[in-house]
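Chemist: what's the 3D shape of this:
(2 chains, ligands or ions: 1)
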Amino acid sequence: MSSSTTEYGYNSKVEGEVIVTKADAVINWVRSNSVWPMPMGLACCAIELMGSGGSRFDISRFGMEVMRFSPRQSDCMIVAGTVTYKMAEVVRRIYDQMAEPKWVVAMGACASSGGMFRSYATLQGVDRILPVDVYISGCPPKPEALLDGMMLLQEKIRREPATKTLLRPRPSRIVDTKVVA
Amino acid sequence: MSATDTVSSLQSTLLARFSYLTPRSGSADHPAVNVPAENLVSFATALRDELGFDMLTDIAGADWDQESPRFAAVYHFVRTAKCEYLRVVCAAPDDVAPSIPSLVALYPSANWFEREAHDMFGIDFAGHPDLRRILMWDSYPWHPLRKEFPLAGKETDIPSDDQIEGARTKVRPAPLAGGPFVATPGKTMHDGEPHGKDQSWNETQPKPTR
Ligand code: SF4
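Modeler: Coordinates of the predicted model:
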């Protein structure tokens, strides 16, 4: 029975179910806690990447355990290993096939700088062909280092202007060859 | 009978039987002979069909730089019944366009070995059914294990059928900073660790511009 004394004021019951925040924060919270890595395992570093997925290091504690072997389903390429020039094109093509937004982690000395393979056959750092977000040092990096790097990536994702770039392409992530020359 | 006796006995048997063979000195482990390129196929046929060398485990290319003949292929045959190895070296007669007959028809394992030696040294294995590069990409213009090829590499386009936007990089020479890295016994552990002998480019000295 409605009465003339219906309260239209502040309903404290609703308050418990509403969170006021910024869209950026929500989107980035979602993105950073469900990173789906593309394991681009090219050499020995990939073994440590596998170790990180095992029960001892358990990458799923941080919300990035869903390794996808299809670029269409992943948003973070972990380049784990030596990138040869012959493979460079393939790596770049797989990156191009990943859906935006996407990130790249260069795991280990080889992916970061060519490592010990200063030779005619090895790409001297995957940043020559991909925009790398996080570099992880080590040969190979321990799983702890990988986890640390991935958490750095999460922090980076949380700082991104997600709303601004939601409907627009993200700022150019094309590698400027002049810089790496 | 000691191991050395077996080595020399197999070698002398072969030398006595095949007049075109010459002994190869300095081989400490297995008997080794030189065979001229024109006799390679008939020699390998005899090895396989008459002497029981039923396995070809490796073919390595070799570049002797200033010497002539400059290029050679080194074969390792195994007689599995006796677990005996035989090393056969076949030099390419031509130093500029080296060519050696292919053994793929006799030993299928020769297929990829010959492709590798072709890729790295530019040796043409005449009669190979599919002599493509195996390690480097098809359009790569050089043979990287030749002596005149710099370890750092040479500037080249990277392979790409449809060059991808945003990945326009090239093969760039990558000189070894501080190398070669060799361990030398020292008083302390730190001294003995591998150090770069060439310090012309390191953390404190900038990379020379080229
Ligand atoms: S950085 Fe070291 S462990 Fe990793 S791929 Fe290179 S050589 Fe292997």
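Chemist: C-alpha from now on. contacts and neighbour counts both.
Modeler: Noted.
Chemist: For the chain, which segments count as strands?
Modeler: Here I'm looking at chain A. A:37-41, A:76-80, A:103-107, A:134-136 (DSSP state E).
Chemist: I was after chain B.
Modeler: Going by DSSP E, chain B shows strands at B:22-23, B:32-35, B:55-63, B:71-79, B:84-91, B:99-101, B:124-126, B:156-157, B:170-171, B:181-182, B:195-196.
Chemist: Pull the number of nearby residues for the residue in chain B positioned nearest to chain A.
Modeler: Chain B approaches chain A most closely through B:G153 (3.9 Å), counting by C-alpha to the nearest C-alpha. A count of nearby residues for B:G153, using other C-alpha atoms under 10 Å in any protein chain shown, gives 19.
Chemist: wait, which of the strands of chain B is closest to the ligand?
Modeler: strand B:181-182 (15.6 Å; C-alpha to the nearest ligand atom).
Chemist: where exactly do the helices run in the chain?
Modeler: Picked chain A for this. A:12-15, A:23-32, A:45-53, A:85-97, A:108-113, A:143-158, A:177-180 (DSSP state H).
Chemist: please go with chain B instead
Modeler: Going by DSSP H, chain B shows helices at B:3-17, B:40-49, B:110-121, B:189-192.
Chemist: picking up where we left off before, confidence score at the residue of chain B closest to chain A?
Modeler: On the pLDDT scale, B:G153 is placed at 79.
Chemist: In contact with it, which residues?
Modeler: Listed by C-alpha atoms under 8 Å, 6 or more residues apart in numbering or on different chains, the contact set of B:G153 reads A:119-121, B:144, B:171-175.
Chemist: Buried subset of those, written for ChimeraX?
Modeler: Only the buried entries of the contacts of B:G153 go into this ChimeraX selection, using 16 or more other C-alpha atoms under 10 Å in any protein chain shown:
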select /A:119,120,121 /B:144,171,172,173,174,175
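Chemist: Quick one: end-to-end length of stretch B:62-71, please.
Modeler: 6 Å (C-alpha to C-alpha, to the nearest Å).
Chemist: Report the buried residues of it.
Modeler: B:62-63, B:69-71.
Chemist: Off-centre distance for it?
Modeler: 12 Å (C-alpha atoms, centre = their mean, to the nearest Å).
Chemist: From A:M150, how far off is A:V134?
Modeler: For A:V134 relative to A:M150 (C-alpha to C-alpha), the value is 8 Å.
Chemist: again but with B:E114, I slipped
Modeler: Plainly put, B:E114 is 44 Å away from A:M150 if you go by C-alpha to C-alpha.
Chemist: if you count what's nearby, which of those two comes out ahead?
Modeler: For B:E114 versus A:M150, the count of surrounding residues by other C-alpha under 10 Å is larger for B:E114: 29 against 26.
Chemist: thought that one was touching B:L56?
Modeler: No. Assessed by C-alpha atoms under 8 Å, B:E114 is found out of contact with B:L56, at 11.7 Å.
Chemist: who touches the closest residue to B:R24 other than its chain neighbours in this structure?
Modeler: Spatial nearest neighbour of B:R24, excluding adjacent residues (C-alpha to C-alpha, 6 or more residues apart in numbering or on different chains): B:V33 at 4.8 Å. Listed by C-alpha under 8 Å, 6+ apart, the contact partners of B:V33 are B:11, B:21-24, B:87-89.
Chemist: Recalculate using a threshold of 10 Å.
Modeler: Residues near B:V33 by C-alpha atoms under 10 Å, 6 or more residues apart in numbering or on different chains: B:11-12, B:14-15, B:21-25, B:27, B:74, B:86-90.
Chemist: Please identify which of the strands of chain B is closest to A:S32.
Modeler: For A:S32, the closest of the strands of chain B is strand B:170-171, at 33.8 Å, according to C-alpha to C-alpha.
Chemist: what does the average pLDDT come to for that closest one?
Modeler: 80.
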